[in-house]
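Q: Got a predicted model here, sequence first, then my questions.
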Amino acid sequence: MGYRVVIAGATGNVGREMLNILAERHFPVDEIVALASRKSMGSEVSFGDKTLKTKDLDAFDFTGWDMALFAVGSEATKKYAPKAAKAGCVVIDNSSLYRYDADIPLIVPEVNPQAIHDYSKKNIIANPNCSTAQMVVALKPLHDRATIKRVVVSTYQSVSGAGKDGMDELWDQTKSIYNPTDDKPATKFTKQIAFNVIPHIDVFMDSGDTKEEWKMVVETKKIVDPKIKVTATCVRVPVFVGHAESINIEFEDHLDENEARDILRESPGIMVIDKREDGGYVTPVECAGDFATFISRIRQDSTIDNGINLWCVSDNLRKGAALNAVQIAELLGREVLKKG
């Protein structure tokens, strides 16, 4: 016996990936429905070797469905997620709307699977921000060994994190650079993204941080440990898929780089590729389409007593969004619903 599963926002980048990953991982589905906005209703999406026609999210009755994976943005989630939850369908939400609600668990299954049991307070589970998800997968096993005091992270985030419009803008601008008569000014991003980097993701806050940087701080504390101090600089780069992060970690206790490498190698969801030679590390191009969070460039930071530097790369549409949501669904099924 399998699950009746809803994908809300099935025509977007993340919604399509959710369908792909459910099929790839042979999630026990009895019935699946793809929902979209009224303007996208009737569009076709793939689920394994099947083609699904999208139905209208606004008119959908969630009664009798086991779980709904939402990839529709905060405004639509605010309207439809409570409706689904009230009907008895557990919502796994990819937007930022519920991440900071104390009554809603924020889950990365490799890091805090025990939080799944808190879902019943509101029948909603939150998926973290893409840049946070891959970072906490790397931090948690090291924190368990040596207790992290402080994290300094700089991100190199691909344009797919800004959706299809972001990808289109990079593609169109890149082509226009070579065609003097075809100017493509920035519309999705605040400056030209082709052949450029932009130190600005989401809105600016009074502190001078951007909302994206704030999310990384707050979410790491909620998922891993509220005592960890985090400072982030988030940068958009001209890469289609795959977020990279340079992470500096300060520990309470000494942790040797070789032990850190061994710990990470044995940790779930992580692939260590760390050779000190040309190409002995992973870049976004190689991680696209993969499930793993890749760790490279592990080394001691000699400027502080207990410091480690590392490079962390992952497919933001997968671990940063759709894969993590499916892993939460798997965890929910395994630990709570127990049907599959």
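A: Perfect, I can see it now.
Q: what comes up buried for the longest helix anywhere in the chain?
A: Criterion DSSP state H: the longest helix present in the chain is helix 130-146. Using 16 or more other CB atoms under 10 Å as the test for burial, helix 130-146 gives 130-143, 146. (C-beta placed from N, C-alpha, C; glycine too.)
Q: Can you tell me the SS state at residue 152?
A: strand (DSSP: H, G, I helix; E, B strand; the rest coil).
Q: Tell me how many other residues crowd it.
A: Counted by other CB atoms under 10 Å, the residues lying close to residue 152 total 17.
Q: how far away is residue 15 from residue 331?
A: Here the criterion is CB to CB, to the nearest Å. By it, residue 15 lies 20 Å from residue 331.
Q: now residue 221
A: In this view, residue 221 and residue 331 are 21 Å apart by CB to CB.
Q: Which one's more surrounded, those two?
A: Neighbours were counted for residue 221 and for residue 331 using other CB under 10 Å; residue 331 has more, 19 against 14.
Q: tilt between the helix or strand containing the more buried one and helix 130-146?
A: Per DSSP states H and E: residue 331 is located in helix 323-332. Interaxial angle, helix 323-332 versus helix 130-146 (axes from the mean of the first three to the mean of the last three CA atoms, to 10 degrees): 60 degrees.
Q: Helix 323-332 - contacts with which helices or strands?
A: For helix 323-332, the packing partners by 3 or more CB pairs under 8 Å, 6 or more residues apart in numbering; DSSP states H and E come out as helix 13-24, strand 67-70, strand 90-93.
Q: Need those in a markdown table (columns: mean pLDDT, distance to residue 175 and mean neighbour count).
A: Shown next, in a markdown table, are those (pLDDT from 0 to 100; distance: least, CB to CB, whole Å; neighbours: other CB atoms under 10 Å):
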| stretch | mean pLDDT | distance to residue 175 | mean neighbour count |
| --- | --- | --- | --- |
| helix 13-24 | 96 | 20 | 22 |
| strand 67-70 | 98 | 34 | 27 |
| strand 90-93 | 98 | 36 | 26 |
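Q: looking at those, which is closest to residue 53?
A: Nearest of the helices and strands packed on helix 323-332 to residue 53, taken as CB to CB: helix 13-24 at 12.8 Å.
Q: In its sheet, which strands sit next to the next helix or strand after the closest one, and in what direction?
A: Beyond helix 13-24 in the direction of the C-terminus, DSSP H and E gives the next helix or strand as strand 29-36. According to DSSP bridges, strand 29-36 has the following sheet partners: strand 3-8 (parallel), strand 55-56 (parallel).
Q: follow-up on the earlier one: which two from the buried residues of helix 130-146 end up farthest apart in space?
A: Maximum pairwise distance in these, criterion CB to CB, is 26.2 Å, between 130 and 146.
Q: what's the closest of the buried residues of helix 130-146 to residue 90?
A: Using CB to CB, the buried residues of helix 130-146 come closest to residue 90 at residue 133, 19.6 Å.
Q: I'd assumed residue 320 was in contact with that closest one.
A: Yes. Residue 133 lies in contact with residue 320 (CB atoms under 8 Å); the separation is 5.1 Å.
Q: Distance to residue 303 for the helices and strands packed on helix 323-332 - can I get that in TSV?
A: Listed next are the helices and strands packed on helix 323-332 as TSV, based on distance: least, CB to CB, whole Å:
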stretch	distance to residue 303
helix 13-24	39
strand 67-70	43
strand 90-93	40
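Q: Tell me which of those lies nearest to residue 301.
A: Distance to residue 301, taken as CB to CB, is lowest for helix 13-24 among the helices and strands packed on helix 323-332, at 34.7 Å.
Q: And the contacts of the closest one?
A: 5, 7-10, 29, 32, 34, 36, 45-48, 52, 69, 71-72, 94, 160, 163-164, 167, 317-318, 321-323, 325-326, 329 (CB atoms under 8 Å, 6 or more residues apart in numbering).
Q: which of the residues you listed are buried?
A: Buried residues within the contacts of helix 13-24, counting neighbours by 16+ other CB under 10 Å: 5, 7-10, 29, 32, 34, 36, 45, 47, 52, 69, 71-72, 94, 160, 167, 317-318, 321-323, 325-326, 329.
Q: Can you report how many residues neighbour the nearest residue to residue 184 once chain neighbours are set aside?
A: Distance criterion CB to CB, 6 or more residues apart in numbering; nearest residue to residue 184, sequence neighbours excluded, is residue 176 at 4.1 Å. Residue 176 has 16 neighbours, counted by other CB under 10 Å.
Q: Kindly report the same for residue 316.
A: The number of residues packed near residue 316 is 30, by other CB under 10 Å.
Q: Against residue 171, how distant is it?
A: Look at residue 316 and residue 171: by CB to CB, they are 17 Å apart.
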